[in-house]
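>>> no FASTA, just this:
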């Protein structure tokens, strides 16, 4: 029987430790196509490359494995893989393992989750995997066994249509897995202003993350809380951004 | 009484016709700060500039009006405006008028909506305005009176917390305004492959948009349908991407 195809991508670039480690796991469960950016593309969200063409360089090919480095964003990687680079339908898309958490509102900026959302828009079961550590030599040994179980489950049981998973692992020991909601939070003090060595001021994005546990939660644990308590968080993320629950409140716009 | 401050941005760049026309309208209702990209940044979604610093050049300042051209993405513009460039809280953020529709799943890729979502994350009432025409000299005269009414309403009645509006106008005559859901759709045949004049193949993003009217709609008209029937579509968009309705279906992940 043909092995399933697993498409692997990320936003830290094809050389990052996180994608290399999860690729080894993915190979246990299927043929693997890695189609990932040729360098770091963090915080690219669902950005597309429109103004320039993109290139894909095949950097490895052997039985059951092909790897391409792409000059675009994570979302470009998924689109180009599906449209041009792979010849059969993936049974699963894995994006990650990201070096850094994509919990709370960071799902909105994340290139890792941009790729997972793109897979989902192509009706490919898609999961984004992240570790709450920006260390480029981060230790993935504690999260990998859990991520392997999540991969097995996602291959065995189809995710609901239009739903992908945002999975984040804590830094230290792992107590288990919690299905969570996206935590409310915001960034503050976002820019550091400088001017040396040139006289014109410039701004570097920095920022403090402020985490808010208020707000309607429907009884589900916020993902950031799960991480802080030592759990892996699994948030189902949907591609329909319509806020159905407020439709009634904005009906007045129809009279304009 | 102090006039409200209206923050205006876009993704087509500060010189685009759409932002210039809506700025004239905005000035009727408040002081205006335009903080927009210094060139085209279409399809930048909620991307952030991390690897380089960004600059903001003040290109105009007069009573009730300041304009900055920023070397970053639409989301960078909103963050930098709020954190560094403006000194009081905006009563409204307007992103647009985009040259091109952001209906259906294009909300996910849109830099126009990326900026509106960023405003919403800062608890600023935020609306993205788009016209279904990519023509750089597009005729905004038919949509502008409706957009003006929408601006007045958004200033008069606060939007629900965590909700921004994705507003799209059709090309021709306008029959009215419909509150809609995000239409289901997808892009296909996304890349054109070429190699001349170099031998290494490259890919340009092109694509055909395939619009799907199937799927659970909760009784609301899909935004793409509204556009095609000559209505302005207003979709409430939320920043919480949690798919609460499937929480029960993925509970099994907690046992991993």
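Great, that's in hand. Just so it is clear, the structure is predicted and the values come from calculations on it, not from any experiment.
>>> Does at least one residue of the helix or strand bottoming out on mean pLDDT in chain A sit close to chain B?
Using mean pLDDT, DSSP states H and E, strand A:208-212 stands out as the lowest-scoring helix or strand of chain A, at a mean of 85. No: between strand A:208-212 and chain B, judged by C-beta under 8 Å from any C-beta of the partner chain, nothing touches; the nearest distance is 11.1 Å. C-beta here means a position set from N, CA and C on the backbone, and glycine is covered the same way.
>>> List the buried residues for that strand?
For strand A:208-212, the neighbour count (16 or more other C-beta atoms under 10 Å in any protein chain shown) marks no residue as buried.
>>> Rounded mean pLDDT for the very next helix or strand once past it, please.
Using DSSP states H and E, the helix or strand that follows strand A:208-212 towards the C-terminus is helix A:223-228. Average pLDDT, helix A:223-228: 94.
>>> What helices and strands are in contact with helix A:223-228?
Counting contacts by 3 or more C-beta pairs under 8 Å, 6 or more residues apart in numbering or on different chains; DSSP states H and E, helix A:223-228 packs against strand A:163-169, strand A:231-238.
>>> Does the longest one reach chain B?
Just to be clear, that refers to strand A:231-238. Yes: counting by C-beta under 8 Å from any C-beta, chain B has neighbours in strand A:231-238: A:234, A:235, A:236, A:237, A:238.
>>> how close does the third one get to residue B:120?
Here the criterion is C-beta to C-beta, to the nearest Å. By it, residue A:236 lies 21 Å from residue B:120.
>>> OK, contacts around residue A:97?
A:10, A:18, A:19, A:21, A:22, A:129, A:130, A:131, A:140, A:143, A:147 (C-beta atoms under 8 Å, 6 or more residues apart in numbering or on different chains).
>>> Give the full set of residues in contact with the first one.
In this case it means residue A:10. A:16, A:18-19, A:36-37, A:74, A:95-98, A:111-112, A:115.
>>> how does it look with 6 Å?
The contact partners of residue A:10, by C-beta atoms under 6 Å, 6 or more residues apart in numbering or on different chains, come to A:19, A:36, A:95, A:96.
>>> Turn the residues of strand A:231-238 next to chain B into a markdown table, including pLDDT and neighbour count.
Listed next are the residues of strand A:231-238 next to chain B as a markdown table, based on pLDDT from 0 to 100; neighbours: other C-beta atoms under 10 Å in any protein chain shown:
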| residue | pLDDT | neighbour count |
| --- | --- | --- |
| A:234 | 98 | 23 |
| A:235 | 98 | 31 |
| A:236 | 98 | 25 |
| A:237 | 98 | 24 |
| A:238 | 95 | 19 |
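>>> which residues of chain A score low on pLDDT?
Residues of chain A meeting the criterion pLDDT under 70: A:213-218.
>>> Strands of that one, start to end?
Secondary structure of chain A by DSSP state E: the strands cover A:5-9, A:31-37, A:56-62, A:65-70, A:92-99, A:126-131, A:163-169, A:176-179, A:184-188, A:191-194, A:202-205, A:208-212, A:231-238.
>>> when you scan the fourth one, is anything in it near chain B?
No: contact of strand A:65-70 with chain B is not found when judged by C-beta under 6 Å from any C-beta of the partner chain; the minimum separation is 9.1 Å.
>>> Identify all contacting residues around that strand.
Against strand A:65-70 from outside (C-beta under 6 Å, 6+ apart): A:14, A:32-35, A:37-38, A:56-60, A:77, A:85.
>>> Can I get the buried ones among the residues you listed as something I can paste into ChimeraX?
Buried subset of the contacts of strand A:65-70, written as a ChimeraX selection, criterion 16+ other C-beta under 10 Å:
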select /A:14,32,33,34,35,37,38,56,77,85
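>>> In ChimeraX, how would I select the buried members of the contacts of residue A:97?
The ChimeraX command for the buried members of the contacts of residue A:97 (criterion: 16+ other C-beta under 10 Å) is given here:
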select /A:10,18,19,21,22,129,130,131,140,143,147
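>>> Check the contacts of residue A:97 and tell me the two furthest apart.
A:10 and A:143 (14.6 Å; C-beta to C-beta).
>>> rewinding a little: which among the contacts of residue A:97 gets closest to chain B?
Checking the contacts of residue A:97 against chain B by C-beta to the nearest C-beta gives residue A:147 as the nearest, at 9.3 Å.
>>> For the closest residue to that closest one other than its chain neighbours, name its beta-bridge partners.
Leaving out its chain neighbours, the residue that sits closest to residue A:147 by C-beta to C-beta, 6 or more residues apart in numbering or on different chains is residue A:129, at 5.4 Å. Judged by DSSP bridges, the bridge partners of residue A:129 are residue A:167.
>>> buried sites along the biggest helix by length in chain A?
Counting by DSSP state H, the longest helix found in chain A is helix A:144-156. Neighbour counts using 16+ other C-beta under 10 Å place A:144, A:146, A:147, A:148, A:150, A:151, A:153, A:154, A:155 of helix A:144-156 among the buried residues.
>>> hmm, who's touching that helix?
Against helix A:144-156 from outside (C-beta under 6 Å, 6+ apart): A:25, A:29, A:91, A:92, A:125, A:127, A:129, A:232, B:256.
>>> Please repeat the previous calculation with a cut-off of 7 Å.
A:4, A:21-22, A:25-26, A:29, A:91-92, A:94, A:97, A:125, A:127, A:129, A:167, A:169, A:174, A:177, A:232, B:252-253, B:256 (C-beta atoms under 7 Å, 6 or more residues apart in numbering or on different chains).
>>> Show me just the buried residues among the residues you listed.
A:21-22, A:25-26, A:29, A:91-92, A:94, A:97, A:125, A:127, A:129, A:167, A:169, A:177, A:232, B:253, B:256.
>>> Would you format the contacts of strand A:65-70 as JSON lines with distance to chain B included?
Output for the contacts of strand A:65-70, formatted as JSON lines (distance: C-beta to the nearest C-beta, whole Å):
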{"residue": "A:14", "distance to chain B": "17"}
{"residue": "A:32", "distance to chain B": "21"}
{"residue": "A:33", "distance to chain B": "16"}
{"residue": "A:34", "distance to chain B": "18"}
{"residue": "A:35", "distance to chain B": "12"}
{"residue": "A:37", "distance to chain B": "12"}
{"residue": "A:38", "distance to chain B": "13"}
{"residue": "A:56", "distance to chain B": "7"}
{"residue": "A:57", "distance to chain B": "8"}
{"residue": "A:58", "distance to chain B": "11"}
{"residue": "A:59", "distance to chain B": "14"}
{"residue": "A:60", "distance to chain B": "18"}
{"residue": "A:77", "distance to chain B": "11"}
{"residue": "A:85", "distance to chain B": "10"}
